[in-house]
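Asks: structure for the following, please:
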Amino acid sequence: MELADRFMAAITSGDVDTLRSLYAPGALIWHNGPGAGGGSEQSVDDNLRTLRWLSRNLDGFRYEEIRRDPLPDGYVQRHVLRGTLPDRTPVEMAACVFVTVAGGRIARIEEYADTRGSDPLRDLAAAQRAARA
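Replies: This is a model prediction of the structure:
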């Protein structure tokens, strides 16, 4: 469970170098949600861009109500992501992640999140893309 603690600390602090070191080569991160097949898969680089964006745009970014259980090949974790957007909109998103560990590193994550809770995050990302266009 030390790996899980290090992973969560690196996410909330925006420590991309530590995050990269915790992922196994070729690791994949799957998220439920809208889209073909009901979800999407990310590479480590894509995931790190997403996590870096979260740490830059979510004030008070934290995981609370963490419950974690070991599995034969990793662990499962339930949590609530919380924070506040720049316009002071609160974000609260419940999620469950199944993490597969190989060789002491994260080989795969399957995240099942309350997609309604991520609506404010998607709205902000869309507004930022529109402002750059």
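Asks: quick one: distance of the helix or strand of the chain with the lowest mean pLDDT to the chain centre.
Replies: Within the chain, no helix or strand scores below helix 119-132, which has a mean of 73 by mean pLDDT, DSSP states H and E. Relative to its chain's centre, helix 119-132 lies at 18 Å (CA atoms, centre = their mean, to the nearest Å).
Asks: just the pLDDT at the residue nearest to the spatial centre of the chain, thanks.
Replies: What sits nearest the mean C-alpha location of the chain, by CA atoms, centre = their mean, is Leu51, with 6.2 Å. On pLDDT, Leu51 comes in at 85.
Asks: can I get the least confident helix or strand of the chain in PDB, CA atoms only?
Replies: Provided in PDB are the C-alpha atoms of helix 119-132 (Å, rounded to 0.1, in the frame of the first residue of the first chain):
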ATOM      1  CA  ASP A 119     -18.900  18.200 -15.600                       C
ATOM      2  CA  PRO A 120     -17.300  21.400 -14.200                       C
ATOM      3  CA  LEU A 121     -13.800  20.100 -15.100                       C
ATOM      4  CA  ARG A 122     -14.900  19.300 -18.700                       C
ATOM      5  CA  ASP A 123     -16.600  22.700 -19.000                       C
ATOM      6  CA  LEU A 124     -13.400  24.500 -17.900                       C
ATOM      7  CA  ALA A 125     -11.200  22.400 -20.300                       C
ATOM      8  CA  ALA A 126     -13.600  23.300 -23.200                       C
ATOM      9  CA  ALA A 127     -13.600  27.000 -22.300                       C
ATOM     10  CA  GLN A 128      -9.800  26.900 -22.200                       C
ATOM     11  CA  ARG A 129      -9.600  25.200 -25.600                       C
ATOM     12  CA  ALA A 130     -12.100  27.800 -27.100                       C
ATOM     13  CA  ALA A 131     -10.000  30.700 -25.700                       C
ATOM     14  CA  ARG A 132      -6.900  29.300 -27.400                       C
END
